[in-house]
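> take a look and give me a structure for this.
(2 chains)
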Amino acid sequence: MEAIVLQVEARHGRVAETVRSNGDSLRVGRAYDNDLILTDPHVAPYQLHFRREGQQWFFAVREQVNPVFLNKQRVTESSCPVNPGDEITVGRTKLHVFPVDHAVEPTRKLMVSNLRALENHGTFLPVLALIGVSLVDLAINFFYSSTNLKWLEQVYVVLFSALICVVWAGLWAIAGRILRQQHHFGLQLIIVSGFSLLMTALAMISNYIAFYSFNAAVEEFFSWAIYAIALLVLFRLNFMIATNVQRPLLASFIATSLLLGVIYGVYYPWDDEEFEYEPVYSEILLPPPLIVTDGQTTQAYFEDVSDAFGKLQQ
Amino acid sequence: MHRLIAIPLLIASLLGAAMQTVAQVNTASSLFERGKQAVYQIRVIDVASGDKYSIGSGFQVSADGLIGTNFHVVSAFVHEPRKYRLEYIRSDGEVHPVTLLLTDVVHDLALLKTDQPSETYLELATGELVKGDRIYSMGNPLDLGMSIIEGTYNGLVENSRYRKILFSGSLNAGMSGGPALDSSGKVMGINVSRGEEQMSFLVPVEHLRALLAEHATGAEVTDHAERIRNALLDEQNSFYQSLISQPPREKALGALVIPDRLAESLRCWGHSVDEEDEDEKYTSAHQHCRAEDNIFVTQQLYIGAFQYDFELINTSELNRFQFYTLLQEQFAHPSFGNTNDKEQVDKFACEDDLVRINDHRWKVSTCMRAYKKYKGLFDASMTMVSMDFADRAAVVTVSASGISAEKAVAVFQYIAETVKWKQ
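Residues are numbered from 1 along each chain as shown, chains lettered A, B, ... in the order given. As a prediction, this is how the structure comes out:
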């Protein structure tokens, strides 16, 4: 093996430091004259020294303040052979050994490059997006339910939603700062505002579709489905901007499932003592111009009811 | 001179009142003395602990030891005969076992028998009383000792599905199943329940007489649950059949035509929401009727409730989306409130659809749940809302507990087809 590559902590989603040997020697430690400089305070200034002898690479531990592990086995020898795929632990840092011809993943397309351009406007555009979405929510609430609309209450509701958006964007910004050294708060805020708008639009569409099912279970499915779709889109963008995960869609799917699982658990606790006593029926109503069917005859409907009773009797 | 006349008159009237009171005291005390030998405390004993589970009263009605009481006094034993047993206590403290012969769940009566009868028993009255007659109720209130309570006969309760006597006297828990006596000491009713203060109810004695007559024919019941189921089914079927056997009498509720009161036994009320009164952006007018008679089946299950509600809603201020949001809130099934026991009822199943009724579209939802222990009986409810207008709508709800599938469908269809918009 002509040369080796050392990579620090190749965890997905984080920027990895990688160094290739140049010649027959490679030095690792905290001192600035090493080939690979580690910032871990539990690593010695001159911790490891890699050497090539023929086609084989070896490493020596130069300081023994903290133990060094090779593939989880403590290193006691003065010189240890090292091969591609090995994992060396020094202090709190893990080093992975690769050959120079190790295949790297294909170049990923920067799908949100256009979105990133939005950040050039600073916080103006994200805040504008949030206010816009909040105003749309307020208008829709008014348009649909003003029978006993309390404006102040609605404003509080909208402000609370906006606060949740800001907190959500803030958490992802922190994640981005940690994992990618870039917070992208403004971008995250635009995305979560867009999610709020998407939820409103999907809820209206799903209401319309679910109405024609005349089935409580389908109505329920649609209400959960819109959460799932919107959350999936939201997480996909959040992950893409704040992390370097290799499969953001899979990560989004897992995150969506977990979040919906938690929400479902809160809504439908396993202790089901109360579930018997309320009928679950199709509740959605649409105003006349949106109803395009004529309905079945009274006789046909009550025959269906008779059949339903018959099934219960069996 | 006037004063001289007035004083003897006053004395005479005071004496008269005092003598009347003494006569009443004598009546009550002599009735109690005669009756107490034949009035017992009925106890349901928990076999495992050997202690009493529930108590009530009962009375001997024949020389051979037949005892009348309420069904609800002995219902725990009826439903779980292995877990409980029955006994009664005489006024002299003697305790004897007693067996269950017949039940009348609809009128809340049970007929028991003892092998060690008392020598005295109470005769059943045959004559008619008139409102205002004094009657005397006996029983063992709150397990405090045999008592007698004097009150007034106020005739049969009006607007009731089941014949009940209104007794202006104060029954207490533990007196259920005890006799109510006329002034000659004959049983004219059986204590059953209390209403508001100084208002109680008695079962007319003819229902007990019917049970005695059935027993006299040699009738024997081995499966009490089946008898209860049949009695409930028969009673409910007969009530609902009487509702739908006549063509509906129609009445107007604004622009809506609805059926008039479906039965004399229903109590109907109306109320309205005014835009100005309630600070709302719509007006609504309600008419709702309900049968306020529940049949006790177990502590966890009452059946027999029937109610329906017609609501007409108009708006000139709400847009169509706002109006249908309002309707969606109103489009709900009434709660039954008759049981919360999973052992008694199954889960609800619902059938929902858009239905064309009398040339208009309605969204109709019918939900039902089966009784687990009484096959063929259901709780069923229907709610329907008109879907054709942007500024007016009608919401109809109907619910019945302890109804057969066939009758539920028939009653719901009958009501649905009667409701229509005026042309």
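
> distance from the chain centre to the helix or strand encompassing A:A203, please.
If you go by DSSP states H and E, A:A203 is part of helix A:185-211. On the basis of C-alpha atoms, centre = their mean, to the nearest Å, helix A:185-211 sits 17 Å off its chain's mean C-alpha point.

> which elements pack onto the helix or strand just after that helix?
Next helix or strand after helix A:185-211 toward the C-terminus (DSSP H and E): helix A:216-242. Applying 3 or more C-beta pairs under 8 Å, 6 or more residues apart in numbering or on different chains; DSSP states H and E, we find helix A:216-242 packed against helix A:151-180, helix A:185-211, helix A:248-267. In short, each C-beta sits where N, CA and C put it, glycine included.

> now helix A:216-242: mean pLDDT?
In this model, helix A:216-242 has an average pLDDT of 89.

> chain center to it: distance?
Remark: helix A:216-242 is offset 12 Å from the chain centroid, using C-alpha atoms, centre = their mean.

> for it, buried residues please.
A:216, A:218-219, A:222, A:226-227, A:230-242 (16 or more other C-beta atoms under 10 Å in any protein chain shown).

> try stretch B:132-150
For stretch B:132-150, burial by neighbour count (16+ other C-beta under 10 Å) applies to B:R134, B:I135, B:Y136, B:S137, B:M138, B:G139, B:N140, B:P141, B:M146, B:S147, B:I148, B:I149.

> with stretch B:230-244 instead?
Result for stretch B:230-244 [16+ other C-beta under 10 Å]: buried residues B:A231, B:L232, B:L233, B:E235, B:Q236, B:F239, B:Y240, B:L243.

> let's have the residues you listed in a markdown table, adding secondary structure and pLDDT.
Output for the buried residues of stretch B:230-244, formatted as a markdown table (DSSP: H, G, I helix; E, B strand; the rest coil; pLDDT from 0 to 100):
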| residue | secondary structure | pLDDT |
| --- | --- | --- |
| B:A231 | helix | 92 |
| B:L232 | helix | 91 |
| B:L233 | helix | 91 |
| B:E235 | helix | 90 |
| B:Q236 | helix | 90 |
| B:F239 | helix | 91 |
| B:Y240 | helix | 92 |
| B:L243 | helix | 89 |
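
> with distance to chain A added, can I get the residues you listed in CSV?
Compiled in CSV, the buried residues of stretch B:230-244 are given as follows (distance: C-beta to the nearest C-beta, whole Å):
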residue, distance to chain A
B:A231, 19
B:L232, 16
B:L233, 13
B:E235, 19
B:Q236, 14
B:F239, 18
B:Y240, 14
B:L243, 16
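
> quick check: domain ranges of chain B?
Chain B breaks down into these domains under automatic domain parsing: B:34-221, B:230-421.

> quick one: low-confidence parts of the stretch 151-300 of chain B?
For the stretch 151-300 of chain B, the stretches with pLDDT under 70 are B:275-279.

> run through the strands of it in chain order.
Using DSSP state E, counting those that start in this stretch, the strands of the stretch 151-300 of chain B run over B:165-168, B:179-181, B:187-194, B:200-204, B:250-253, B:256-259, B:267-273, B:283-291, B:295-298.

> in TSV: these, plus mean neighbour count and distance to B:L111.
Shown next, in TSV, are the strands of the stretch 151-300 of chain B (neighbours: other C-beta atoms under 10 Å in any protein chain shown; distance: least, C-beta to C-beta, whole Å):
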stretch	mean neighbour count	distance to B:L111
strand B:165-168	20	19
strand B:179-181	30	14
strand B:187-194	25	11
strand B:200-204	23	13
strand B:250-253	13	44
strand B:256-259	20	40
strand B:267-273	12	32
strand B:283-291	19	27
strand B:295-298	22	17
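
> A:K94: which of these is closest?
A:K94 lies closest, by C-beta to C-beta, to one member of the strands of the stretch 151-300 of chain B: strand B:295-298, at 68.1 Å.

> anything in whichever helix or strand comes after the closest one near chain A?
Using DSSP H and E, the next helix or strand after strand B:295-298 towards the C-terminus is strand B:301-303. No. Against chain A, strand B:301-303 shows no contacts by C-beta under 8 Å from any C-beta of the partner chain, the least distance being 13.1 Å.

> contacts for strand B:301-303, please.
Here strand B:301-303 makes contact (C-beta atoms under 8 Å, 6 or more residues apart in numbering or on different chains) with B:232, B:236, B:294-297, B:338-339, B:341, B:344-345, B:371, B:377, B:401-402.

> and the furthest pair within those residues?
B:Q236 and B:D341 (19.7 Å).

> residue 127: neighbour count?
Answering for chain A, as no chain was given. A:V127: 17 surrounding residues under other C-beta atoms under 10 Å in any protein chain shown.

> you looked at the wrong chain, it should be chain B
Using other C-beta under 10 Å: B:G127 sits among 8 other residues.

> kindly report the same for A:D24.
Applying other C-beta under 10 Å, I find that A:D24 has 12 neighbouring residues.

> max pairwise distance over the buried residues of stretch B:132-150: which two?
The widest separation within those (C-beta to C-beta) is 21.4 Å, between B:R134 and B:N140.

> from the buried residues of stretch B:132-150, pick the one nearest A:Y267.
B:P141 (48.0 Å).

> right, and the closest one touches B:N172 too?
Yes. Contact criterion C-beta atoms under 8 Å: B:P141 and B:N172 qualify, at 3.7 Å.

> got any ranges where the stretch 51-200 of chain A has weak pLDDT?
A:109-121, A:146-149.

> how about 90 then?
A:54-55, A:63-65, A:76-78, A:92, A:100-127, A:137-158, A:177-184, A:186-187, A:198-200 (pLDDT under 90).

> can you state the direction angle for the strand or helix carrying B:S401 and strand B:283-291?
Using DSSP H and E, B:S401 maps to strand B:392-403. Put simply, strand B:392-403 runs at 10 degrees to strand B:283-291, going by axes from the mean of the first three to the mean of the last three C-alpha atoms, to 10 degrees.

> if we can go back for a sec, quick check, nearest of the buried residues of stretch B:132-150 to B:L101?
So of the buried residues of stretch B:132-150, ranked by how close each gets to B:L101 (C-beta to C-beta), first place is B:G139, at 20.9 Å.

> who touches B:L66 in this structure?
Contacts of B:L66 by C-beta under 8 Å, 6+ apart are B:Q60, B:L101, B:L111, B:L112, B:K113, B:L212, B:H215.

> switch the cut-off to 6 Å
Shown in contact with B:L66 (C-beta atoms under 6 Å, 6 or more residues apart in numbering or on different chains): B:K113.

> ditto for B:A393
B:I313, B:L327, B:S386.

> just those residues: which are in helices?
Among these, DSSP state H puts B:L327 in helices.

> which bits of chain B sit near chain A?
Residues of chain B lying close to chain A (C-beta under 6 Å from any C-beta of the partner chain) are B:281, B:320-322, B:324-328, B:333, B:340, B:342, B:347-357, B:361, B:365-368, B:370, B:388, B:390, B:405, B:409, B:413, B:417.

> what's around residue 171, how many residues?
No chain was given, so I picked chain A. 13.

> hmm, I had chain B in mind actually
When neighbours are defined as other C-beta under 10 Å, B:L171 has 25 of them.

> quick one: contacts for residue 63?
Going with chain A. A:E63 touches A:A44, counting by C-beta under 6 Å, 6+ apart.

> hmm, I had chain B in mind actually
Applying C-beta under 6 Å, 6+ apart, we find B:A63 in contact with B:Y121.

> tell me the spacing between it and chain A.
From B:A63 over to chain A the distance is 46 Å, taken as C-beta to the nearest C-beta, to the nearest Å.

> residue contacts, B:A173?
For B:A173, counting by C-beta under 6 Å, 6+ apart, the contacting residues are B:L142.

> swap in B:D293?
Residues near B:D293 by C-beta under 6 Å, 6+ apart: B:S160, B:R161, B:Y162, B:G304.

> okay, these in JSON lines with distance to B:E119 next?
Shown next, in JSON lines, are the contacts of B:D293 (distance: C-beta to C-beta, whole Å):
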{"residue": "B:S160", "distance to B:E119": "38"}
{"residue": "B:R161", "distance to B:E119": "39"}
{"residue": "B:Y162", "distance to B:E119": "34"}
{"residue": "B:G304", "distance to B:E119": "40"}
